[in-house]
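K.L.:
Return a 3D structure for these sequence lines:
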Amino acid sequence: METWSSRAGFIMAAVGSAVGIGNIWRFATVVGQNGGGAYLLPFLLAVSALAVPLMVLELAAGRRLRASLVAGLRSLSPRLEVVGWLIATVVFTILSYYLVITGWTLAFFAGTATGQEIRFDTFTSGLAPVAAFAVSTLCVGLVVSLGVRAGIERVSTVLMPAALVILLVLFFYSTTLSGFGEGLRFLFQPDFSVLTEPALWSAAVGQAFFSLSVGFGILLTYGSYTDAQTSLLRSAVIVAIADVAVALVAGMTLFAIVFTYGLTPAAGAELAFSSLPIAFDQMPGGRWLAPAFFLLLFLAALTSAVSMLELSVAAVLDRTRLTRRAAAALLTALVALLGLPSALSYSSLNLQVRGWRVLDLLDETVGTMALPVSALVIALAVMHYLPRGWLAAEVGLSGSRLGAVLETAVRFVVPAVLMLITVSRVGLNIDPPGWHQVTVRALGAPLQVALTIVLAAALLASTLVVVGVLRRRWPPRRRAR
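P.N.:
Now for the predicted structure:
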């Protein structure tokens, strides 16, 4: 089985998986939608108390089982294999439209680097988004086909430092803007009166999990490539600190631009692809800042997309006799076909389903709903089928108070919070725009039934695992090592 060549390479790959375009514009958007500085406290609490323990759990489970997500769950119980494939399919679907956005960043980088005045409405008026999607998909497929060391690790150790340098250059430039101070106040000056709002905490927990790539089995797969000498706890903390630091620096940079040029803090993708290009045109040095910004977005998106494709490739390699290159080629072709409707939804064809662009519909359903459900299934399945104390032993904390706290967190606290998030998003619509907006705006009877069945199947899978935990049925298990 392939392994990382060094601990530094593993950390760079994990940081590359965690640091995506969500750290750069989604974080700023969520902060803008939730009252600025008041959002940071619950976000940091969610990262430290929930996301980091789940990161450690995934990494430790991967190293102990020495298998991909699907094969690892199958080794715990054959009945869990279908759950593993369900999660892998969800990640593959998310990858299909994530690559479309990755293509946008590549196209905007190429356009601004060559001095073109590129605007999102004109960019999507033709088939350029489809071509950009195809190029970004090929890039990701090529990296994964080269393997763990020659592909993922080598690319991550080059691209992540490059992305961080670009981010720091943009940040230092932003300190010269007139709106930098106002941006700092917006980001760090809290309004404690909104801390009682459930939506704020729901958004913070969701962003923490989304930002750190936990819950989809990606870190479990990456953990299977680590050696026994790697400190998983220390690595998880380093990745979390790097991820949060990138989000904060990107937030300070973007808010400086936002308040200098009178943009909307909560504009989301519109901020990145519509508002910022106009602002760059007005900036001194904007001719160079614009391509630097979109190159930063592309590098962040590329490394995250690589980790998502690797999850599926590893699962296929564990279940077939295909070579890595063949598996990567096959899955690259499949994700290109699956992502084509999303690419066409932001093109001259404007492909829609009941008034929703395909990309937006997938993001609101699969992207929003799947993360807490899959994280819940992974946490409960691993903690149920592996013996008590395994996690503390795997990370070198046997018999310590910290080990006991970690075990308690991932066995009880994290699943409870994930259940609350799932219920809030499905039934109470605490985190808008949410599930009921899709059912109200987009779903006719056939599509509503189909998506409801998919959601119900995912919830049923997690419920079965919960019932198994409560009934304390511990079947015979294979020793992974």
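K.L.:
My read is that residue 141 contacts residue 334, right?
P.N.:
No: using Cβ atoms under 8 Å, residue 141 makes no contact with residue 334, being 10.3 Å away. Yep, even glycine has a C-beta here, placed from its N, CA and C like the rest.
K.L.:
Looking at the two, which one has more neighbours?
P.N.:
residue 141 (23 against 13; other Cβ atoms under 10 Å).
K.L.:
Can I take it that that one is in a strand?
P.N.:
No: per DSSP: H, G, I helix; E, B strand; the rest coil, residue 141 lies outside any strand segment and is helix.
K.L.:
need the contact list for the closest residue to it other than its chain neighbours.
P.N.:
Distance criterion Cβ to Cβ, 6 or more residues apart in numbering; nearest residue to residue 141, sequence neighbours excluded, is residue 332 at 3.2 Å. With contact set as Cβ atoms under 8 Å, 6 or more residues apart in numbering, residue 332 has these partners: 137-138, 140-141, 144-145, 309.
K.L.:
for stretch 169-187, which positions count as buried?
P.N.:
Neighbour counts over stretch 169-187 (16 or more other Cβ atoms under 10 Å) mark 169-171, 173-174, 177, 179-180, 183-184, 186-187 as buried.
K.L.:
whoops, I mixed them up, stretch 198-215
P.N.:
Result for stretch 198-215 [16+ other Cβ under 10 Å]: buried residues 200-215.
K.L.:
again, but for stretch 277-293
P.N.:
Here stretch 277-293 shows 277, 279-280, 283, 286, 289-293 as buried, counting by 16+ other Cβ under 10 Å.
K.L.:
how far does that stretch sit from the chain's center?
P.N.:
Centroid separation for stretch 277-293 versus its chain: 27 Å, with Cα atoms, centre = their mean, to the nearest Å.
K.L.:
cool, and stretch 251-266?
P.N.:
Relative to its chain's centre, stretch 251-266 lies at 23 Å (Cα atoms, centre = their mean).
K.L.:
pLDDT averaged over it - what is it?
P.N.:
Stretch 251-266 shows a mean pLDDT of 89.
K.L.:
Stretch 128-138 now?
P.N.:
97.
K.L.:
hmm, who's touching that stretch?
P.N.:
Residues external to stretch 128-138 that are found in contact with it (Cβ under 8 Å, 6+ apart): 99-100, 102-104, 106-107, 123, 298, 301-302, 305, 332, 335-336, 339-340, 342-344, 346-347.
K.L.:
need the helix or strand of this structure with the lowest average pLDDT.
P.N.:
Lowest by mean pLDDT, DSSP states H and E among the helices and strands of the chain is helix 435-441, with a mean of 42.
K.L.:
okay, now residue 78: neighbour count?
P.N.:
10.
K.L.:
Relative to residue 56, how far out is it?
P.N.:
26 Å (Cβ to Cβ, to the nearest Å).
K.L.:
before we move on, what about residue 96?
P.N.:
Taking Cβ to Cβ, one finds residue 96 at 29 Å from residue 56.
K.L.:
Give me the below-cutoff pLDDT ranges for the stretch 151-300 of the chain.
P.N.:
266-268 (pLDDT under 70).
K.L.:
where along it do the helices fall?
P.N.:
Per DSSP state H, counting those that start in this stretch, the stretch 151-300 of the chain carries helices over the ranges 154-174, 180-188, 198-211, 218-223, 232-260, 269-270, 276-282, 286-319.
K.L.:
Need the CA coordinates for the second one. PDB is fine.
P.N.:
Written as PDB, here are the backbone C-alpha positions of helix 180-188 (Å, rounded to 0.1, in the frame of the first residue of the first chain):
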ATOM      1  CA  PHE A 180      -8.800  47.800   6.300                       C
ATOM      2  CA  GLY A 181      -9.600  49.200   9.800                       C
ATOM      3  CA  GLU A 182     -13.400  48.900   9.200                       C
ATOM      4  CA  GLY A 183     -12.900  45.400   7.900                       C
ATOM      5  CA  LEU A 184     -11.000  44.400  11.100                       C
ATOM      6  CA  ARG A 185     -13.800  45.900  13.300                       C
ATOM      7  CA  PHE A 186     -16.400  44.000  11.300                       C
ATOM      8  CA  LEU A 187     -14.500  40.700  11.600                       C
ATOM      9  CA  PHE A 188     -13.300  40.900  15.200                       C
END
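K.L.:
Show me what that helix is packed against.
P.N.:
helix 232-260 (3 or more Cβ pairs under 8 Å, 6 or more residues apart in numbering; DSSP states H and E).
K.L.:
Just want the angle from the helix it packs on to helix 198-211.
P.N.:
For helix 232-260 against helix 198-211, the angle by axes from the mean of the first three to the mean of the last three Cα atoms, to 10 degrees is 120 degrees.
K.L.:
No further queries at this time; thank you.
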